[in-house]
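1. Quick one: sequence and predicted model below, then my questions.
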Amino acid sequence: MTIAENLFENLRLELRRGCLTLAVLAQLRQEHYGYTLRKALAERGLTIDESTLYPLLRRLESQGLLASEWREEDKRNKRFYHLNSDGEQMLGELLEEWNTLNASVIATVSSQSA
Amino acid sequence: MELLDRYLEAVRKHLPWKRQDDILAELRANLEAQLEDKEHELGRPLTKEEAEAWLKQVGSPIQVAAPYLPQQYLIGPRIFPMYWFVLRTVFVWATVIYCIVTAVTIVAPGYLDLDALAGAILRLPVVLMTAAAWVTLIFAIIEFAATHYPEKCPAISGVTVDWSPSTLPPVVTKPMHGTKPRSYARAVAEAVFGFLALAWLILVPSHPYLLFGPGIYYLQSLPYQLGPVWITFYQWVVVLNLFHVIWHCVDLWSGQWEEPQRVKKIVFQAVGLIPLAVLFSAPGHLYITLKHPAFDLEKYGGTVYTINESIHKGLFVVGVIVVIQLIVEMGKVAVDAYRGRPASEY
C-alpha cells in the first residue's frame, strides 16, 4: 500500500466510524443478533467487519443505548440486541446532527464546484 | 468444527478475563451462523482450506480480541501533551540536580577520583531512564483514573486546567536568516557540559594538574608564582560560568531553547568583560611574582617585569577585540530593530 493509499484508508475509516454507529443504532430499532445485523447492513451497502461490529454492540450496550438478551433460535443460543428508550432519544439527536452536517457538507461542496 | 474451536480458544487468550465466556459465546453464535450460511450457499461443508481462508478473513485472534479490551492507551492523547512537557522538565532538572550532587560528592574527599567521575557520567543515562519511568508510571495511573473514574477527576479527563491567554509565553521569533534553530538535544548537551565545565573549574585550585597537566611539576620548580589578582579573576569566572549554566537551564525550562536570545547573549558578553577588567586593572600589573623575592629579585626581576608588561599589553589587545565584537553585535541588534523587529522580540 502506498503512502497515499494508506492515508486515504485512514481518512476513510475516520469518516465511516461515526456513520457506522448511527447506522447500527438505526438498524437496531428492529431486533437483531450480531450476524443478522451485519447482513442487514451489508444489504444496504454498509459492509462492516466482525471485529468492528461485535465490539461496537458491546460498547453501545455498556453506554446504555442498547438492550440485549440471550435467546434460543434455531437450536442455538444467540444474543439479540435492540434499541432501548435512551437509544431512541440519542438516535433522534444524532440524526438531527447528521442531517445538519450532511446539508452543510453538501452545500459547501456544491458551492466549491459551482 | 475443530478449526473454529481452535480459533475461538486463541481469541480467548486475548480477551478481558471477566467477560471471556460471554464474549466467546456471542462470537461463536455469530460465526457459526455465518458458517451455516456459507455452507447452505455451497450445499456442502467447507473444506479445510476454505475454512482457513474464511477465518483469515475474519481476522487474526489478537485483532478480533483487541477491540473488546477496555483501554488501548497507556497514556492517551488527552494528557500526552502534559506528559511530554513534564517529561522534558524532569529530564532537565534531573540532569541539573544529578550534576550538582555528583560534583559535590566528587569534590568532597579533597582529591579527584577519576573512576568515580567516569562512573558518575556513565550513570547519568540510568538516572534519566529511571526518572522517565517514574513519570510514565504516574501519568499511566492518571490516564487510568481519568478513563475509569471520569466523574472523580473531571479536570484531568477534560484537561480543563485554568489558563489565561495573557499568561502564555511570548512568541518566539523566527531564527535570523541563515541560522538554524537550536535542537532540544543540543540545548540539553550544552547545559550538561556547562555543569561539567563548572565542576572542572571548581576543582582546578585544589587539583592544578587538571589545568596544566604534567607541566604542573615544571611550573612548581620555577621561581615564579601567580599574582593575587588571579584569585579575584578566578572567582569572577566561576560566577559567570554558574550564571551561564543557570541561564541555559532557565531557557530549557521555559521552552526557549530553540533560538539563543541575542540581548541576553550581549549582556553575557558585556559581563564577560569584568574578569578582563579585573586583570587589566591589577595593581602594579603583578600577574607573576617571585616566590622568594629576597633571593631571586636580582636574577629574575627583569624577566618578571617583562612578562607582566607583556601580559598587560596582551590583555589590552584582547579587551579591545572583545569590545569591538560587542559593539558590532549591538549594532546588528539595533539594525534589526530599525528594520521593524521590536527589540523586545530578541
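-> The structure has been received and is ready for your questions. Numbering: from 1, shown residues only, chains lettered A, B, ... in the order given.

2. For chain A, what's the nearest residue on chain B?
-> Going by C-beta to the nearest C-beta, chain A is nearest to residue B:67 of chain B, at 3.6 Å. (Each C-beta comes from the backbone N, C-alpha and C, glycine too.)

3. What is the burial count for that residue?
-> Neighbour count for residue B:67, taken as other C-beta atoms under 10 Å in any protein chain shown: 17.

4. check contacts around it.
-> By C-beta atoms under 8 Å, 6 or more residues apart in numbering or on different chains, the residues touching residue B:67 are A:51-52, A:55-56.

5. repeat for residue B:190
-> Residues in contact with residue B:190, defined by C-beta under 8 Å, 6+ apart, are residue B:248.

6. Toward the C-terminus, what is the element adjacent to the strand or helix carrying it?
-> If you go by DSSP states H and E, residue B:190 is part of helix B:184-203. Where DSSP H and E defines the elements, the next helix or strand beyond helix B:184-203 is helix B:209-212.

7. Name the residues of the helix or strand just after that following helix that come out as buried.
-> The C-terminal neighbour of helix B:209-212 among helices and strands, as given by DSSP H and E, is helix B:215-221. By 16 or more other C-beta atoms under 10 Å in any protein chain shown, helix B:215-221 has no buried positions at all.

8. Dump the helix holding residue B:190 to CSV, restricted to CA.
-> Extracted as CSV, the C-alpha positions of helix B:184-203 are listed here (Å, rounded to 0.1, in the frame of the first residue of the first chain):
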residue,chain,number,x,y,z
TYR,B,184,16.5,20.3,22.3
ALA,B,185,19.3,17.7,22.4
ARG,B,186,21.9,20.3,21.7
ALA,B,187,20.5,22.6,24.4
VAL,B,188,20.5,19.8,27.0
ALA,B,189,24.0,18.9,26.0
GLU,B,190,25.1,22.5,26.4
ALA,B,191,23.6,22.6,29.9
VAL,B,192,25.2,19.2,30.9
PHE,B,193,28.6,20.1,29.5
GLY,B,194,28.3,23.6,31.2
PHE,B,195,27.9,21.8,34.5
LEU,B,196,30.8,19.5,33.9
ALA,B,197,33.0,22.5,32.9
LEU,B,198,31.9,24.3,36.1
ALA,B,199,32.8,21.2,38.2
TRP,B,200,36.2,21.1,36.4
LEU,B,201,36.7,24.8,37.1
ILE,B,202,35.9,24.4,40.8
LEU,B,203,38.4,21.5,41.0
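
9. Which among the contacts of residue B:67 count as buried?
-> By neighbour count, with 16+ other C-beta under 10 Å, the contacts of residue B:67 hold A:51-52, A:55-56 as buried.

10. Now the residue in chain A positioned nearest to chain B: closest residue in space, sequence neighbours ignored.
-> Among the residues of chain A, residue A:55 lies nearest to chain B; the distance is 3.6 Å by C-beta to the nearest C-beta. Counting by C-beta to C-beta, 6 or more residues apart in numbering or on different chains, the nearest residue to residue A:55 once its immediate chain neighbours are dropped is residue B:67, at 3.6 Å.

11. Kindly report the same for residue B:216.
-> Closest residue to residue B:216 apart from its sequence neighbours, by C-beta to C-beta, 6+ apart: residue B:209 at 4.7 Å.

12. low pLDDT regions in chain A?
-> For chain A, the stretches with pLDDT under 70 are A:114.

13. Give me every residue in the stretch 1-150 of chain B lying close to chain A.
-> Residues of the stretch 1-150 of chain B lying near chain A by C-beta under 8 Å from any C-beta of the partner chain: B:23, B:25-27, B:29-34, B:37, B:58-59, B:63-64, B:66-68.

14. For ChimeraX, write a command that selects the buried ones of these.
-> Buried members of the residues of the stretch 1-150 of chain B next to chain A, defined by 16+ other C-beta under 10 Å, are picked up in ChimeraX with:
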select /B:23,26,27,29,30,31,33,34,58,59,64,67,68
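
15. just checking, what packs against the helix ranked longest in chain A?
-> Ranked by residue count under DSSP state H, the longest helix found in chain A is helix A:85-113. With contacts taken as 3 or more C-beta pairs under 8 Å, 6 or more residues apart in numbering or on different chains; DSSP states H and E, helix A:85-113 sits against helix A:3-27.

16. returning to what we had before: how about the helix holding residue B:190: buried residues?
-> In helix B:184-203, counting by 16+ other C-beta under 10 Å, buried: B:187-188, B:190-192, B:194-196, B:198-203.

17. Look at residue B:237 and say how many residues are nearby.
-> Counted with other C-beta under 10 Å, residues neighbouring residue B:237 total 18.

18. Skipping its backbone neighbours, what lies nearest it in space?
-> Excluding the flanking residues, the one nearest residue B:237 by C-beta to C-beta, 6+ apart is residue B:275, at 5.5 Å.

19. For residue B:290, give me phi and psi.
-> Torsion angles at residue B:290 (phi, psi; degrees, to the nearest 10) stand at phi -90, psi 140.

20. Neighbours of it, how many?
-> 18.

21. which SSE is the closest residue to it other than its chain neighbours in?
-> Spatially, and ignoring its direct neighbours in sequence, residue B:290 is nearest to residue B:296 (4.8 Å; C-beta to C-beta, 6+ apart). Following DSSP H and E, one finds residue B:296 within helix B:293-338.
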